[in-house]
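**Q** need a structure here:
(one chain, ligands or ions: 1)
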Amino acid sequence: MPVELIDPEPCLNDLMNKLMTSAGQIDFNIADLPAMPEPQRVLMVEPTYYNVDYVINPHMIGQVGTVKRERAQKEWEQLASSFQKIGLEVIKLAGVPGLPDMVFSANQSLPFLDKNDRRKVIMSIMHTRQRAREVGHIEKWYHKNGYDVFHLNPDNIEDFEGMGDAIWHFKRKLIWGGYGFRTSRYAYEQISEIFDVPVILLPLKDERFYHLDTCFCSLDENNALIYPPAFDESGLEMIYKVYENVIEAPAEEAIGLFAVNATCPDGKNVLIQKGCTEVARKLNEHGFIVHEMDTREFLKSGGSVYCMKMLLW
Ligand code: ARG
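**A** Numbers count the residues shown, from 1 in each chain. As a prediction, the model looks like this:
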């Protein structure tokens, strides 16, 4: 009798490698996408050399030299121990002199676990020369730890800033791909191919929200937290089509406190900057456990909770 070969992920073959730019192209249910486990650990870079030494985003204007070192160290440690408290292993890498922004470890790479449980990672091409050297330092760690390391072909891609712009849908093989300020749209053609996953493309409109992680937070499979004015109409339509519930952050909290740069690694506990009262209330209402923390010294550089760690598989 002939043996029938069963594709482990039926019907989704057409979807793989697909880049989506409008709601009409989203013809799948999230629950039907291949699953991805929750991340078990985070990678953080010690803030020893953290400072605002130059201006490469609007939040850094007027902040050069204003970082209070001891306070930054304390905030970073509190964040690291909060990740541990919610059950994640924290891997701490030493900082490097002359690379003050390396502490934003969401930016230098994009890791992935493939269907054979192989660990893979795509390294970033930083948009600014000030941050370019960070990538090599992070890459060394991936090599030592057995990842298959990939580089984008830079021929038609100027930049790609890792998980600052490419955000995994919680527990699914789907990427939300922000572009416009720090990442080139064409980066996603290669990323989608290397990882064999679909990407929903989101153009970013407002330079204060220069990375997708400043205006979009994937809370769990059905809930997202966003700052709507940072997107165009078709971007918003796609977000609302995929998520059952979208929590909207008010301007004061999204701009001044980086409310959307929160992180929810387990679909339950949300770590967020202190003082985001309205967002915290809405998160509670939807059953999330909110942990407020102070990242004031890092807000001066245009970053908060989410971008100070890399989620690892
Ligand atoms: N000063 C850093 C920069 O402009 C902050 C990066 C924050 N990272 C993030 N994913 N939002 O590159």
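**Q** The lengthiest helix in the chain vs the ligand: in contact?
**A** The residue-count maximum for a helix in the chain (DSSP state H) belongs to helix 69-85. No - Helix 69-85 does not reach the ligand (C-beta under 6 Å from any ligand atom); its nearest approach is 12.9 Å. Bear in mind the C-beta positions are built from the backbone N, C-alpha and C, glycine included.
**Q** So which elements touch that helix?
**A** For helix 69-85, the helices and strands in contact under the criterion 3 or more C-beta pairs under 8 Å, 6 or more residues apart in numbering; DSSP states H and E are strand 41-45, strand 89-93, strand 269-273, strand 289-293, helix 296-299.
**Q** Going by neighbour count, list what's buried in the helix or strand following the third one.
**A** Looking back up the chat, that one is strand 269-273. Beyond strand 269-273 on the C-terminal side, the first helix or strand identified by DSSP states H and E is helix 277-285. Buried residues in helix 277-285, counted by 16 or more other C-beta atoms under 10 Å: 279, 280, 282, 283.
**Q** Quickly list what the residue nearest to the second one when sequence neighbours are not counted is bridged to.
**A** Going back to what we said before, that points to residue 280. Leaving aside its chain neighbours, residue 280 sits nearest to residue 290 (4.6 Å; criterion: C-beta to C-beta, 6 or more residues apart in numbering). Here residue 290 sits in beta bridges with residue 270, going by DSSP bridges.
**Q** Can you report how many residues neighbour residue 211?
**A** A count of nearby residues for residue 211, using other C-beta atoms under 10 Å, gives 30.
**Q** ok, now how distant is the nearest residue to it once chain neighbours are set aside from residue 43?
**A** Spatial nearest neighbour of residue 211, chain neighbours left out: residue 164 (3.9 Å); criterion: C-beta to C-beta, 6+ apart. Separation of residue 164 from residue 43 (C-beta to C-beta, to the nearest Å): 14 Å.
**Q** out of those two, which sits in the busier spot?
**A** Neighbour count, other C-beta under 10 Å: between residue 164 and residue 43, residue 164 has more, with 28 against 22.
**Q** Let me see the contact set for the more buried one.
**A** 104, 106, 107, 182, 183, 211, 212, 213, 307 (C-beta atoms under 8 Å, 6 or more residues apart in numbering).
**Q** among these, which are in reach of the ligand?
**A** Restricting the contacts of residue 164 to contacts with the ligand (C-beta under 6 Å from any ligand atom) yields 104, 106, 107, 211, 213, 307.
**Q** quick revisit: to the ligand, which of the helices and strands packed on helix 69-85 lies closest?
**A** Closest to the ligand of the helices and strands packed on helix 69-85 is helix 296-299 (C-beta to the nearest ligand atom; 8.0 Å).
**Q** From the contact counts, what lies against that closest one?
**A** helix 69-85.
**Q** Now the helix it packs on: buried residues?
**A** Buried-residue list, helix 69-85, by 16+ other C-beta under 10 Å: 72, 75, 76, 79, 80, 82, 83.
**Q** what's the answer for stretch 266-274, then?
**A** Quick answer for stretch 266-274 (16+ other C-beta under 10 Å): 266, 267, 269, 270, 271, 272, 273.
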